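Student: Here you go, sequence then predicted model.
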Amino acid sequence: MTCPMLSISDLHATIGGKEILKGLDLQVPAGEVHAIMGPNGAGKSTLSYVLTGRDGYEVTKGQVKLDGEDLLALSPDQRAAKGVFLSFQYPLEIPGVPALTFVRTALNAQRRSRGEAEASAPEFLKLARGAATALKMDFDMLKRALNVGFSGGEKKRMEILQMAMLKPRFAILDETDSGLDIDALKIVADGVNALRGPDRSMLVITHYQRLLDYIRPNRVHVLSGGRIVDSGGPELALELERAGYDKYASAA
Amino acid sequence: MAAATKTVDQVAALESYEHGFVTDIDQEFAPKGLNADIVRFISAKKQEPQWMLDWRLEAFERWLAMDEPDWAKVSFPKIDYQDAFYYAAPKAKDGPKSLDEVDPELLAVYAKLGIPLKEQEVLAGVEGAPRYAVDAVFDSVSVVTTFKKELAEAGIIFCPMSEAIRDHGELVRKYLASVVPVSDNYFACLNSAVFSDGSFVYVPPGVRCPMELSTYFRINAENSGQFERTLIIADKGAYVSYLEGCTAPMRDENQLHAAVVELVLLDDAEIKYSTVQNWYPGDPATGKGGIYNFVTKRADCRGDRSKVSWTQVETGSAITWKYPSCVLRGEGSSGEFYSIAITNGRQQADTGTKMIHLGANTRSRIISKGISAGRSSNTYRGLVSAHPKAKGARNFTQCDSLLIGKTCAAHTVPYVEARNGQCVFEHEATTTKLSEDQLFYAMQRGLSQEEAVQLLVNGFVRDVLQQLPMEFAVEAQKLVAISLEGSVG
């Protein structure tokens, strides 16, 4: 049996002393896309921040391994260099820093950290143009300060564009569907699907089944009360859409 | 392991002010202290004419009757003006005439600082790269000025102030102190009495200076003050871009740098004046040592449609007290002030500008970016005023402050006065804290904490960096990064 790409066992995490994750177990094999669904306050965003190493999220117990390596021992930038990527629910605005500069700095920082050569200017521009075309984004937009004055949908598209350029090994999409109209949703989903491959896994966090019509997950997990309380195939998402999360409330 | 090494490197970087080295060079000093004889000594050393000595002595008399200003938001122990040397110069036979005669030790200093003093080196650079002429001032004297001959062919005078007093006395007499009067303020008055060297520039009518001019100030001697005096005159329709840079060794005692810079602009003239100030800021933990940078800079747009632009990147000095100003006298003249002031450790900065609108339809623009980190204090102090005749005056001011950490302070003190009803003044100000969310966002993408801070700060100051000549913008960007090393975490 092959070891899963991401392996989370008995994960407990607190924010400001309050326990949010209470013994979470999850395994995502290489090449698979797993969805995490659950009611508000279940700990979905907390999970994404714990996996990426945000300050203030304290792991009190349990472990997280990426390709067999202890992820929790690494700083956020080291995790990024290992290939962990988070598409933010609320992408940040970075005044005065053009999107191209931002992504190039990030890409080169990751490459340096991995002991690889930095991207040359022509190589980088080619990459950026390709990604922008695939996501139907105006290339001039990448010359503007990152996310400043962008609409919600544009910001989400910019997240996926960064993902396409950084080519992460393990991507977390935190409510990427929120704020997107149906056309933008299709474009973003196409972008995500284009990145699926045997060497890349994804964790798709969402409230709604809608996104999963476009990004078909291999597995669906229900997160409630800080634990995975149910897992199943894509049909589980449809079931949740119909019945809601009520039946898990007591389990939590 | 790796993390530990990194921490050690970071601490080392924190303690290393890159330009903090001292050069052991044979120097001569004036006797310590300040009195009329010292003023005579300096004047004699510079072989000045009698009128200059009389002017200095009069300034000294006035200075004795003045009090040190105390309105700025800075605090420091009382300066003992008798406990310093007012003249320090590398020993030389008779003032260097050509580069070959300059002490190799001195040339090595400038090579170490990355200042090109050999013209052929500049020429040998990348084809099409902009050239710039340098006047190198070491403590109290100018040691060398490059490209003088080529500039002279265009009719431009670019030389040390002491030389200008001897060789271009009429021009100096006409314009010296015509922008900053002798008794304008305490430090300017002190400067008038004891100023040592600085640059003199005259660009004749209709001439566009073919290269960037720059002066590089270096304080080396212990216990000495530096009193630079710079005068730039752009005659009708002339254009010149000028840059000054400054560094000093790391020393435990405070040293005074009290400069006066005067710019004169006649009709349709334009001057771009850029400063990259990186004096030793003192020890970041204890606040010991560092330069007191008390500077008076003013431009007089006396010609119609003349245009002046001040750009400053202030990263060094223990204390900065400086307000590059524009007197907009000529009709339709305009003034700009772009500033980045960074304070870290125990630094204090009280800086800003004055835009004095005297003529009709004058315009001014102020973009100030203050960044405070460590236990520092950073104040923007500015004045925009329109006099009764300045009908149609316009000003736009934007003051942004960025705070890094919890122990620093930022203050904004804008004065605005309109003495006629036909002017439009706009003022925008923001204060933000470097956001944890933005930092995390950048780090999630792979940037280290230091890199993330640098990227965000460079974004914050971008509007101003764009105003600097290209090659200096790159330098300034690096300087911004170095100044903020170790400011987070």
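Tutor: Good, I have the coordinates. Numbers count the residues shown, from 1 in each chain, chains lettered A, B, ... in the order given.
Student: Can you give me the neighbour number for the residue of the stretch 201-350 of chain B found nearest chain A?
Tutor: The stretch 201-350 of chain B approaches chain A most closely through B:Ile340 (12.0 Å), counting by C-beta to the nearest C-beta. Just so you know, the C-beta spots here come from the backbone N, C-alpha and C atoms, and that holds for glycine as well. Applying other C-beta atoms under 10 Å in any protein chain shown, we find 28 residues neighbouring B:Ile340.
Student: can you pull the pLDDT of B:Asn3?
Tutor: No, residue B:3 isn't Asn; it's Ala. In this prediction, B:Ala3 carries a pLDDT score of 40.
Student: where do the helices sit along the stretch 151-300 of chain B?
Tutor: Listed in chain order, the helices of the stretch 151-300 of chain B (DSSP state H, counting those that start in this stretch) span B:161-167, B:169-175, B:186-194.
Student: and if you look at the stretch 151-252 of chain A?
Tutor: Remark: helices assigned in the stretch 151-252 of chain A by DSSP H, counting those that start in this stretch are A:152-166, A:182-194, A:210-214, A:235-243, A:246-249.
Student: coming back round to it: surely the residue of the stretch 201-350 of chain B closest to chain A forms part of a strand?
Tutor: Yes: inclusion of B:Ile340 in a strand is indicated when DSSP: H, G, I helix; E, B strand; the rest coil is applied.
Student: Tell me how far B:Thr432 lies from chain A.
Tutor: Counting by C-beta to the nearest C-beta, to the nearest Å, the gap between B:Thr432 and chain A amounts to 9 Å.
Student: ok, now B:Ala36?
Tutor: Look at B:Ala36 and chain A: by C-beta to the nearest C-beta, they are 52 Å apart.
Student: Ramachandran angles for that residue?
Tutor: According to degrees, to the nearest 10, the main-chain angles of B:Ala36 amount to phi -60, psi -30.
Student: can you pull the buried residues of stretch B:26-46?
Tutor: B:Gln27, B:Phe29, B:Ala30, B:Leu34, B:Ile38, B:Val39, B:Arg40, B:Phe41, B:Ile42, B:Ser43, B:Lys45, B:Lys46 (16 or more other C-beta atoms under 10 Å in any protein chain shown).
Student: Now do the helices in the stretch 301-450 of chain B.
Tutor: Per DSSP H, counting those that start in this stretch, the stretch 301-450 of chain B carries helices over the ranges B:436-444, B:449-460.
Student: among those helices, which is nearest chain A?
Tutor: Proximity to chain A, assessed across the helices of the stretch 301-450 of chain B by C-beta to the nearest C-beta, is greatest for helix B:449-460 (3.1 Å).
Student: got the contact list for residue 196?
Tutor: The chain I'm using is chain A. Shown in contact with A:Arg196 (C-beta atoms under 8 Å, 6 or more residues apart in numbering or on different chains): A:Gly31, A:Val33, A:Met202.
Student: wrong one, chain B
Tutor: Under the criterion of C-beta under 8 Å, 6+ apart, the contact partners of B:Ser196 comprise B:Ile42, B:Lys46, B:Tyr86, B:Tyr87, B:Asp139, B:Ser140, B:Val141, B:Ser162, B:Gln226, B:Phe227, B:Glu228, B:Arg229.
Student: Which among these count as buried?
Tutor: Judged by neighbour count, with 16+ other C-beta under 10 Å as the criterion, the buried members of the contacts of B:Ser196 are B:Ile42, B:Lys46, B:Tyr86, B:Tyr87, B:Asp139, B:Ser140, B:Val141, B:Ser162, B:Gln226, B:Phe227, B:Glu228, B:Arg229.
Student: Against B:Phe29, how distant is the spatially closest residue to B:Met52 that is not a sequence neighbour?
Tutor: Taking C-beta to C-beta, 6 or more residues apart in numbering or on different chains, and ignoring the residues beside it in sequence, B:Met52 has B:Ile165 as its nearest neighbour in space, at 5.5 Å. If you measure B:Ile165 against B:Phe29 using C-beta to C-beta, to the nearest Å, the figure is 21 Å.
Student: Name the residues of the stretch 51-200 of chain A found near chain B, please.
Tutor: Among all residues of the stretch 51-200 of chain A, those adjacent to chain B (criterion: C-beta under 8 Å from any C-beta of the partner chain) are A:52, A:54-55, A:75-77, A:79-81, A:85-86, A:88, A:91-97, A:101-103, A:105-107, A:109-110, A:113, A:145, A:162, A:166.
Student: Only the buried subset of those, as a PyMOL command please.
Tutor: Below is the selection syntax for PyMOL that covers the buried ones among these, with 16+ other C-beta under 10 Å defining burial:
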select buried, chain A and resi 52+54+76+77+79+80+81+85+86+88+91+92+93+94+95+96+97+101+102+103+105+106+107+109+110+113+145+162+166
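Student: Now go through the residues of the stretch 51-200 of chain A next to chain B and say which are in strands.
Tutor: When strands are assigned by DSSP state E, the members of those inside them are A:Phe85, A:Leu86.
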